[in-house]
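Colleague: let me see the structure of the following:
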Amino acid sequence: MDAVVSQLFAGISVGSILLLIALGLALTFGQMGVINMAHGEFLMAGAYTAYVAQQLMSSVGLSLVVAIPVAFAVAGLLGVLLEATLLRRMYDRPLDTLLATFGVSLVLQQVARDVFGAPNVDVRSPSWLSGSVDVLGVGLPAARVFLLLLTVVAVAGLAALLKFTALGRRVRATVQNRSLAECSGISTRSTDRTTFFIGSGLAGVAGVGLTQIGSVGPTLGTSYVIDAFLVVIVGGIGQVRGAVIAAFALGLLRATIEYSTSASIARVLVFVAIVVFLQIRPQGIVTVRSRSLA
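Modeller: Got it, this is the predicted structure:
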């Protein structure tokens with residue numbers, strides 16, 4: 001039972017990490033069709049924000065709490081700057097956005113090296129995140145439990161925003177039919193910019209969470225951004241509910257395979273499973289129902 005619970009939590013933990021990173025992509029990729037390869041660097045910016053906050057504040061626990069909203073704002077503003085200066089000229093040209101944002105990601109990595117140095121830095125965990133939490137008689141790492149709770153809060157907040165606010169209705173209308181949304185009087189330009197701010201900000205929050213399970217370096221986001229795109233594609237373009245299902249399904253699948261093989265083999269087999277799934281259901285897990293004949 002201990003092994004089963006530990007492995008199940010490992011899969012949920014991996015899924016929560018993937019989901020927290022993929023939430024922003026589910027918005028921006030689904031709404032604007034932008035392949036933002038710099039999303040991982042927004043993640044890195046959030047992680048370094050947590051590091052700077054800890055250097056400036058004497059209380060480790062308070063610095064982590066303060067870093068979450070600050071990282072959201074920092075990463076969100078970086079996203080708005082990228083959208084306003086570069087991506088707004090490349091809508092409906094996904095390959096161009098891929099190449100351009102990949103170049104931006106390299107620039108941001110070099111900036112991080114120049115400012116913080118090449119070696120990775122560590123963000124200390126507060127006392128209330130050290131040790132383990134007892135669940136069904138099994139000790140689970142408190143840091144990963146915190147990351148799971150952070151993901152739950154982020155998903156709930158985003159779902160409430162999309163469902164109950166005027167901004168959420170504008171975002172959903174733009175995702176489903178941009179032309180009709182514009183005909184209805186919605187300013188899709190301002191909606192795109194606000195959406196990019198929120199999506200990039202969520203990546204910053206994910207970066208703060210990741211500081212509790214590993215070190216921070218200029219290439220932190222590189223190892224996560226591809227997996228995050230896979231979550232968005234498998235879940236269904238622009239579908240937050242689909243991203244939730246896909247993230248935890250892929251996390252549990254990877255943890256199950258790793259239990260009897262290795263991490264590298266598990267990544268390969270999960271990728272094969274994704275390819276097979278997309279051959280059967282190319283639209284993803286969740287799709288938008290439409291009466292369109294196109």
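
Colleague: check contacts around the residue lying closest to Ala118 once chain neighbours are set aside.
Modeller: Leaving aside its sequence neighbours, Ala118 sits nearest to Pro218 (CB to CB, 6 or more residues apart in numbering; 7.2 Å). Every C-beta, even on glycine, is put in place using the N, C-alpha and C of the backbone. Pro218 makes contacts with 44, 109-110, 112-113, 116, 118, as judged by CB atoms under 8 Å, 6 or more residues apart in numbering.

Colleague: among the residues you listed, name the buried ones.
Modeller: 44, 109, 112, 116 (16 or more other CB atoms under 10 Å).

Colleague: and those, which of them are in helices?
Modeller: 44, 109, 112, 116 (DSSP state H).

Colleague: one step back: how about the secondary structure of the residue nearest to Ala118?
Modeller: Following DSSP: H, G, I helix; E, B strand; the rest coil, the label given to Pro218 is coil.

Colleague: residue ranges with poor pLDDT in the stretch 101-250 of the chain?
Modeller: Judged by pLDDT under 70, the stretch 101-250 of the chain has its weakly predicted residues at 135-138.

Colleague: and the strands in the stretch 101-250 of the chain?
Modeller: With DSSP state E, counting those that start in this stretch as the criterion, the stretch 101-250 of the chain has strands at 132-135, 138-141.

Colleague: about what we covered before: and the contacts of Pro218 as JSON lines, adding distance to Ile237?
Modeller: Formatted as JSON lines, the contacts of Pro218 follow (distance: CB to CB, whole Å):
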{"residue": "Met44", "distance to Ile237": "25"}
{"residue": "Gln109", "distance to Ile237": "27"}
{"residue": "Gln110", "distance to Ile237": "31"}
{"residue": "Ala112", "distance to Ile237": "30"}
{"residue": "Arg113", "distance to Ile237": "34"}
{"residue": "Phe116", "distance to Ile237": "35"}
{"residue": "Ala118", "distance to Ile237": "37"}
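
Colleague: ok, so of those residues, who is nearest Thr256?
Modeller: Met44 (29.7 Å; CB to CB).

Colleague: wait, isn't that closest one in contact with Gly207?
Modeller: Yes - counting by CB atoms under 8 Å, Met44 touches Gly207, with 6.2 Å between them.

Colleague: find the residues that touch each one of the two.
Modeller: The contact sets of Met44 and Gly207 overlap at 220-221 (CB under 8 Å, 6+ apart).

Colleague: what is the nearest of the contacts of Pro218 to Ser63?
Modeller: Using CB to CB, these come closest to Ser63 at Phe116, 16.4 Å.

Colleague: and that closest one, what does it touch?
Modeller: Residues near Phe116 by CB under 8 Å, 6+ apart: 48, 51, 218.

Colleague: got it, and Asn36?
Modeller: 25, 28-29, 82, 87, 97, 101.

Colleague: tell me the SS of it?
Modeller: Under the three-state scheme (three-state DSSP), Asn36 adopts coil.
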